[in-house]
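Enquirer: I would like the atomic coordinates for the input below:
(3 chains)
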Amino acid sequence: MGRTANWCQDCLHYWFDYETPKTLVIPDIALGCVFRFTQLLVVLYVVGYVCVMQKAYQETDSVISSVTTKVKGFASTNTSDMEPLFWDVADYVIPPQGDSSFFVLTNMVVTSKQTQTRCPEFPGPSTTCVDDCDCIEGLSDPRGSGIQTGLCDNYSSTVQTCEVLSWCPLEIDTKLPEPALLAAAENFTVLIKNSITYPKFKFHRRNIVPHINSSYLKRCEFSHSTDPDCPIFRLKHIVSEAGEDFQEMAVKGGVIGIIIDWSCDLDSWAGKCYPKYSFRRLDDRHPVGNVAPGYNFRFAKYYKTPDEEDTRTLIKAYGIRFDVIVFGTAGKFGIVPTIVNMGAALSFLSLVPLVCDWFLLTCTRKRDLYSRHKITYLSDDAEIESMSMGTAYGTQ
Amino acid sequence: MGRTANWCQDCLHYWFDYETPKTLVIPDIALGCVFRFTQLLVVLYVVGYVCVMQKAYQETDSVISSVTTKVKGFASTNTSDMEPLFWDVADYVIPPQGDSSFFVLTNMVVTSKQTQTRCPEFPGPSTTCVDDCDCIEGLSDPRGSGIQTGLCDNYSSTVQTCEVLSWCPLEIDTKLPEPALLAAAENFTVLIKNSITYPKFKFHRRNIVPHINSSYLKRCEFSHSTDPDCPIFRLKHIVSEAGEDFQEMAVKGGVIGIIIDWSCDLDSWAGKCYPKYSFRRLDDRHPVGNVAPGYNFRFAKYYKTPDEEDTRTLIKAYGIRFDVIVFGTAGKFGIVPTIVNMGAALSFLSLVPLVCDWFLLTCTRKRDLYSRHKITYLSDDAEIESMSMGTAYGTQ
Amino acid sequence: MGRTANWCQDCLHYWFDYETPKTLVIPDIALGCVFRFTQLLVVLYVVGYVCVMQKAYQETDSVISSVTTKVKGFASTNTSDMEPLFWDVADYVIPPQGDSSFFVLTNMVVTSKQTQTRCPEFPGPSTTCVDDCDCIEGLSDPRGSGIQTGLCDNYSSTVQTCEVLSWCPLEIDTKLPEPALLAAAENFTVLIKNSITYPKFKFHRRNIVPHINSSYLKRCEFSHSTDPDCPIFRLKHIVSEAGEDFQEMAVKGGVIGIIIDWSCDLDSWAGKCYPKYSFRRLDDRHPVGNVAPGYNFRFAKYYKTPDEEDTRTLIKAYGIRFDVIVFGTAGKFGIVPTIVNMGAALSFLSLVPLVCDWFLLTCTRKRDLYSRHKITYLSDDAEIESMSMGTAYGTQ
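Expert: Residues are numbered from 1 along each chain as shown, chains lettered A, B, ... in the order given. This is a model prediction of the structure:
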């Protein structure tokens, strides 16, 4: 035989000779029980807990969502400050489009007929003056109401303050109507339409589930216990579910989250994938050091007077902003997480023989016998011995 | 030798003696083939499928995005109800800022010159009356149009209804213009600018890819087949790609999702990371029981009459809301998922010998011979035997 | 013994006989060191790097967030084009509600007293005309300003252009005020209130951390170095942190991302979970081919003239849109990822004996001796031999 042939044969042997460990079978019922029981424990834990309970065999995807809201209801106000007014959706919902975040006006400070002129500032340590020298022309104090003109003017019969260039008359927002002007807003309802997608699974769904019919939708109102599928919410109910009192909140405003949880297991029949609603106040009820409590913003309606002058009605709007927050994770059987998790399980099974061998060699009655048969200790003596004799191994 | 030295030596032996399984090499070509083939299968499956196809070696991150939109186009309306009107972007895009969600007005019911007064309700089972006793002062029916004043008034020459305090004249929204007023909106175009970030990988990108030049951008229009990179979309094209008819949808409105998929593989040259656009109708085309079909909202423009009275023009706006929805997951080689997945693969490789041993001991011709050499059955006889003789092992 | 009993015993043996590999212990200090050292390396790598540094033992969850913003500040403008004006929040913040995305007006082109009439187009290659035949009635050029009436009109004393139906006078937006009108906007401040939730861990938090008190909040201003917890940001500071110049950006507008990173490790004491702010320009500073640079949109204020005609003031608003982008991933010890990662680690440990066996059989001095003891080569001779003698195994 040539050299190459030899090399080839070696290579073939290397690749296709099967090498398998020699094993010792011990017919010990106690040991066998320990072995099988440990295996069972690992399988139960990994398969039972990790796979079945934690659903680790699933691929996951995050929800993408689109929300449409529509508020209904009207109210009237009749206070001494203002003439009687009627309020409908176009008046109190800002912005009007019905996005996932909508604001319902509940209280306000209205400053009518503001024009761009000059007027004396509110009295304060830095604004009171005796004569024009106390006022600096062009000074724009961030805490003030406008840009000083350098003149000192009569604020009232007793107080003189610096004159400012601003929208005059200045807004007086210290006296907030209590109870809130639109206290009746608690009876408004909102219809929330929510369409979601799990792009990875090409799964689409809406919160108006198919099995509810039109007549139900016309009269229903959401309630966790009786109507959990109804997409129409009474504002008072939302606020009270969030642990707040509507009337109290209406005065200074606040932010309420309408949280829709679309966590779904898409392996079973898809009909099980329903939205779960919950409600939570998102701003601080008792803010740290009372910094900017509640929720308000200013907006203006602009008019032109008959003589073409710009005037505006400034509204400091207090109210409740509702943020519809949609979240969720869908799981569906996936080959990659299954393989990874089964691989991990197998790894743990490979620990079981280690445990059993330790038990075998330390805890069993016949441990010396087992040890002698299982383990060959290659001592120096044995080496010499094995040099002289060809077939006698394993003397310990 | 002292006791401590002994203990130390034991310890040293325990830690640094190397224990290795005794193995049996079987030069059986069939068995070798089964062994290598099974190994190959596992490697192919795990490495080929899990790693290469499913990219399980990658870390992932979710996209964060910012969207700017700009609609262009104008239209004119000329119906018998209204005087001829010209419409540009400032008139029909609400809100005007060009956020990720924008609304294009296509149809509307306009109620001009509303003032806060009293007027008779629309006739209906609960609103028709014979005299003032049928009307309850202060009643605010959610299905009505205002707050009843307690008076019964002539709605027409034949019908009397309860008078309400409201914005009068009341809106009549039963007769919707068909075809839609701004049917011409189908030719409007929208430029979508989208900037994304994968924060974990510090990867930023825009949907206006660098290789397209200014002159192309000025004349291009998105099309899946011919111009997949152009960020300018014709509204009609968007709607038809979503499987809808613009003219039909324009009448009652709807919600269309412009979905930008930024799924990226950042391992290869980054230039491969491009946005993929798709379009889908997000609201229900045929809603369950016809509840609130389409998409509309009410908003008002407020005016002051020369004698300082507040009037408003109420607009019930029907149209298409376009939601630009950006999603995506980027993957990039990561050490942790690679290790976890290779670990899982290794686990599966450890299954291969089990399979082959089973094959060896049941399916091969010489299985008895192999079994005798591989497995030592520690019978009670053997125990006794091994008691008497020190070096003869493994009698079966 | 009956057949069934036999079968049962076989079965019992099969299940409860413990099979364990025979091992050879080699008291070679070098080999032992290699073995332990390789084990140590794997453990250090997997446990140290994967688990401790990459926190692979944690379950993760994505943040859901709600943002409220409030801008403060005022400015005055005094240019030759316009009368002196005073600007406050209600004038320059659009939309006014204080959402996560807000726009601060910095520059504008105002076109007052637009009414729906007819006026000559701007001169251009396709709009100049000599007589009415050059103008097509009803033509609506997307690059034009309105719908052509078919008449040719005097644009100036020298140029005649086609007449269009539009909001007239037409907007002239070629001359943009520079420096920006509201250059003073750089000194405006914005208070950002951000409330986050990790729904999987039921963890809620706000960016106004409890340990800062009210008096601090009243005077503080965000700065990475001195006030990293202050939720009040000066616009100029935001823009300069994003690497831009406010005055330059104010002219044509732009989009700035205020990025709040809520990445948290919830295993340690929760107080460590704080927001980290960063700022980045989101639109293209030098857009490709100068296509639509900056950020602007058009909106209108509608008025009625004393004789009930609709007029509007069209404002092309340039300014900076601030997008508050909240992202983050929270990690917390979870049983599933821990098991999966430990499984992967164990798999790698099972590689160590392979390495050491290779070392044993190729690199040690006594490799032949070790090989003879460890590996039994089942040659054909051995088979014959083993046929004739019952107890002599393993001749090589």
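Enquirer: what about A:Gly331, distance to A:Leu24?
Expert: 45 Å (CB to CB, to the nearest Å). Using the backbone N, CA and C atoms, a C-beta is placed for each residue, glycine as well.
Enquirer: ok, which stretches of the stretch 201-350 of chain A are strands?
Expert: A:203-206, A:232-234, A:254-261, A:264-265, A:276-281, A:296-304, A:310-327, A:329-333 (DSSP state E, counting those that start in this stretch).
Enquirer: Give me the angle between the longest one and strand C:296-304.
Expert: It refers to strand A:310-327. Put simply, strand A:310-327 runs at 130 degrees to strand C:296-304, going by axes from the mean of the first three to the mean of the last three CA atoms, to 10 degrees.
Enquirer: what packs against strand A:310-327?
Expert: strand A:64-72, strand A:101-120, strand A:189-198, helix A:235-241, helix A:246-252, strand A:254-261, strand A:296-304, strand C:64-72 (3 or more CB pairs under 8 Å, 6 or more residues apart in numbering or on different chains; DSSP states H and E).
Enquirer: any chance of these in a markdown table, plus distance to chain B and mean neighbour count?
Expert: As requested, these are exported to a markdown table (distance: least, CB to the nearest CB, whole Å; neighbours: other CB atoms under 10 Å in any protein chain shown):
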| stretch | distance to chain B | mean neighbour count |
| --- | --- | --- |
| strand A:64-72 | 4 | 21 |
| strand A:101-120 | 8 | 21 |
| strand A:189-198 | 4 | 22 |
| helix A:235-241 | 13 | 19 |
| helix A:246-252 | 17 | 20 |
| strand A:254-261 | 15 | 23 |
| strand A:296-304 | 5 | 21 |
| strand C:64-72 | 11 | 21 |
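Enquirer: Show me the shaky parts of the stretch 201-350 of chain A.
Expert: A:269-271, A:287-292 (pLDDT under 70).
Enquirer: Name the residues of it found near chain C, please.
Expert: Contacts of the stretch 201-350 of chain A with chain C, taken as CB under 8 Å from any CB of the partner chain, map to A:255, A:257, A:259, A:261, A:280, A:282-284, A:287-292, A:295, A:297-300, A:302-304, A:306, A:312, A:314, A:321, A:323, A:325, A:327, A:340-341, A:343-348, A:350.
Enquirer: Report the buried members of the residues you listed.
Expert: A:255, A:257, A:259, A:261, A:280, A:282-284, A:287-288, A:291-292, A:295, A:297-300, A:302-304, A:312, A:314, A:321, A:323, A:325, A:327, A:340-341, A:343-348, A:350 (16 or more other CB atoms under 10 Å in any protein chain shown).
Enquirer: Name the SS class of A:Leu361, please.
Expert: helix (DSSP: H, G, I helix; E, B strand; the rest coil).
Enquirer: returning to that earlier point: now distance to B:Arg367 too, for the helices and strands packed on strand A:310-327, in TSV please.
Expert: As requested, these are exported to TSV (distance: least, CB to CB, whole Å):
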stretch	distance to B:Arg367
strand A:64-72	59
strand A:101-120	74
strand A:189-198	52
helix A:235-241	71
helix A:246-252	81
strand A:254-261	59
strand A:296-304	85
strand C:64-72	62
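Enquirer: Would you tell me which of the ones you listed gets closest to B:Ile375?
Expert: Among these, the nearest to B:Ile375 by CB to CB is strand A:189-198 (52.5 Å).
Enquirer: Closest residue of chain A to chain B?
Expert: Nearest residue of chain A to chain B (CB to the nearest CB) works out as A:Ser214 at 2.0 Å.
Enquirer: how many other residues sit next to that residue?
Expert: Neighbourhood size, A:Ser214 [other CB atoms under 10 Å in any protein chain shown]: 11.
Enquirer: again, but for the one 10 residues further on
Expert: Using other CB under 10 Å, A:His224 is surrounded by 12 other residues.
Enquirer: Surely A:Cys129 touches A:Cys135?
Expert: Yes: assessed by CB atoms under 8 Å, A:Cys129 is found in contact with A:Cys135 at 5.4 Å.
Enquirer: Can you check which residues contact both of those two?
Expert: Common neighbours of A:Cys129 and A:Cys135, using CB atoms under 8 Å, 6 or more residues apart in numbering or on different chains, are A:152, A:162.
Enquirer: What segments of the stretch 1-150 of chain A are helices?
Expert: Along the stretch 1-150 of chain A, the segments classed as helices by DSSP state H, counting those that start in this stretch run A:3-16, A:29-43, A:89-92.
Enquirer: Tell me which of these sits most buried.
Expert: Most buried of these by mean neighbour count (mean count of other CB atoms under 10 Å in any protein chain shown) is helix A:89-92; its value is a mean of 22.
Enquirer: Report the central residue of chain A.
Expert: The centre of chain A sits closest to A:Phe327, judged by CA atoms, centre = their mean, with a distance of 6.2 Å.
Enquirer: That one and B:Lys200, how far apart?
Expert: A:Phe327 is 20 Å from B:Lys200, by CB to CB.
Enquirer: picking that back up, redo the strands of the stretch 201-350 of chain A as TSV? Include distance to B:Trp7.
Expert: Shown next, in TSV, are the strands of the stretch 201-350 of chain A (distance: least, CB to CB, whole Å):
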stretch	distance to B:Trp7
strand A:203-206	66
strand A:232-234	75
strand A:254-261	61
strand A:264-265	58
strand A:276-281	63
strand A:296-304	78
strand A:310-327	61
strand A:329-333	55
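Enquirer: What is whichever helix or strand A:Asp153 is part of packed up against?
Expert: A:Asp153 is part of strand A:147-154, with elements assigned from DSSP states H and E. The criterion is 3+ CB pairs under 8 Å, 6+ apart, and the helices and strands that strand A:147-154 contacts are strand A:101-120, strand A:160-168.
Enquirer: now the angle from the first one to strand A:254-261?
Expert: The directions of strand A:101-120 and strand A:254-261 differ by 160 degrees, with the same axes, to 10 degrees as the criterion.
Enquirer: got it, and the shortest one?
Expert: Orientation of strand A:160-168 against strand A:254-261 (the same axes, to 10 degrees) gives an angle of 40 degrees.
Enquirer: Name the residues that touch strand A:160-168?
Expert: So strand A:160-168 is contacted by A:114-124, A:127-130, A:134-135, A:144-155, A:312, A:314, C:74, C:76, C:84, C:86, C:88 (CB under 8 Å, 6+ apart).
Enquirer: again, but for stretch A:38-45
Expert: With CB under 8 Å, 6+ apart as the test, stretch A:38-45 has contacts from A:345, A:348-349, A:351-352, A:355-356.
Enquirer: Show me which of these is closest to A:Leu266.
Expert: Using CB to CB, those come closest to A:Leu266 at A:Ala345, 23.5 Å.
Enquirer: So that closest one sits against A:Ala56, correct?
Expert: No: applying CB under 8 Å as the test, A:Ala345 and A:Ala56 come out as separate, 9.8 Å apart.
Enquirer: where do the contact lists of those two overlap?
Expert: Shared contacts of A:Ala345 and A:Ala56, defined by CB under 8 Å, 6+ apart, are found at A:Val50.
Enquirer: Let me see the contact set for A:Gly343.
Expert: B:343-348, C:343-344, C:347.
Enquirer: err, A:Leu170, not the other one
Expert: A:Leu170 is in contact with A:111, A:119, A:121-122, A:145-146, counting by CB under 8 Å, 6+ apart.
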